[in-house]
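here is my input, please return the structure:
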Amino acid sequence: MNRDIWQEKCIFSPSLITLDLCNLESQVKQLEQSGIKVLHVDLLDGYFSPSMPIGLDVVRQLRKKTNLEFDVHIMVNSADYFIDELLDIGVQQIVFHAETEPHIDRRLNMIHDYGVRAGVALRPATSLTALDYVLEKCDTVLLMLINPGYAGHAGERQVPYAARKIRELRKMINDRGLDTKIEIDGRISAQDIKNYAGNDVDIFVTGSTCIDRADIPGSIRSLLALRESILA
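Reported below is the predicted structural model:
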């Protein structure tokens, strides 16, 4: 794991399922060659969320093809099998959902025991109180700004309370003096990056709103130029 990458400001973590699923290897290499350092990998079981775009075997094969850090977000009803496999594959961060994990504290400990970053994801309507006693153990908290599995629905929009939730989480983290990263996912736009980078959000899951899979190099150039202007 390259720990320095996770300490950078305004990290872009392009979503694997945004890419051309028939040409994943070449498109992931384009991301890497364009200056991206982290790849967001969504794993769904078809139950927690009504879709299942890729499986563990795809992740295992891709792990051999790239040096990108794998930022894995698992959206499943039962995490044991998925986490065991991901630890064997060799990913750098695993974020699981508080809503389906009966032993959040133990799960975070288990992932950390393997030297892997661990975090908790929350669906839009899940209260931040779910983090109250485990926030200190979270390397990352991922806030979903749309309901999982419905990103492809044209009418699905970011929840209206997204900004309030992000800023309340930032206050929780700052008040406790923690280095926990905030990651946001769900129709993330250039305007979202402008609104939240630098002060509130550390990691942006970039999907089709920011990345045109027909022009990955051009899309990444635009994102990195935006990052530069924000951090200047």
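
what about the longest helix in this protein?
The longest helix of the chain (DSSP state H) is helix 216-231.

list the buried ones in it?
216, 219, 220, 223, 226, 227 (16 or more other C-beta atoms under 10 Å). Just so you know, the C-beta spots here come from the backbone N, C-alpha and C atoms, and that holds for glycine as well.

dump these into a markdown table; add pLDDT and distance to residue 42 as well.
As requested, these are exported to a markdown table (pLDDT from 0 to 100; distance: C-beta to C-beta, whole Å):
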| residue | pLDDT | distance to residue 42 |
| --- | --- | --- |
| 216 | 98 | 18 |
| 219 | 98 | 19 |
| 220 | 98 | 19 |
| 223 | 98 | 19 |
| 226 | 98 | 23 |
| 227 | 97 | 22 |
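
export these to CSV and tack on distance to residue 37?
Converted to CSV, these look like this (distance: C-beta to C-beta, whole Å):
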residue, distance to residue 37
216, 15
219, 16
220, 11
223, 12
226, 16
227, 12
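
where along the protein do the strands fall?
11-12, 38-44, 69-75, 93-97, 117-122, 140-144, 181-185, 203-204 (DSSP state E).

closest one to residue 159 among those?
Between residue 159 and the strands of the chain, the tightest spacing by C-beta to C-beta is seen for strand 140-144, at 8.7 Å.

who does the closest one pair with, and is each partner parallel or antiparallel?
strand 117-122 (parallel), strand 181-185 (parallel) (DSSP bridges).

what ranges does this structure have for its helices?
Under DSSP H, the chain gives helices at 24-33, 56-63, 80-89, 104-113, 162-175, 190-196, 216-231.

which residues touch the first one?
What it means is helix 24-33. Residues outside helix 24-33 that contact it (C-beta atoms under 8 Å, 6 or more residues apart in numbering): 14, 16, 19-20, 39, 58, 62, 65-68, 213, 216-217, 220.
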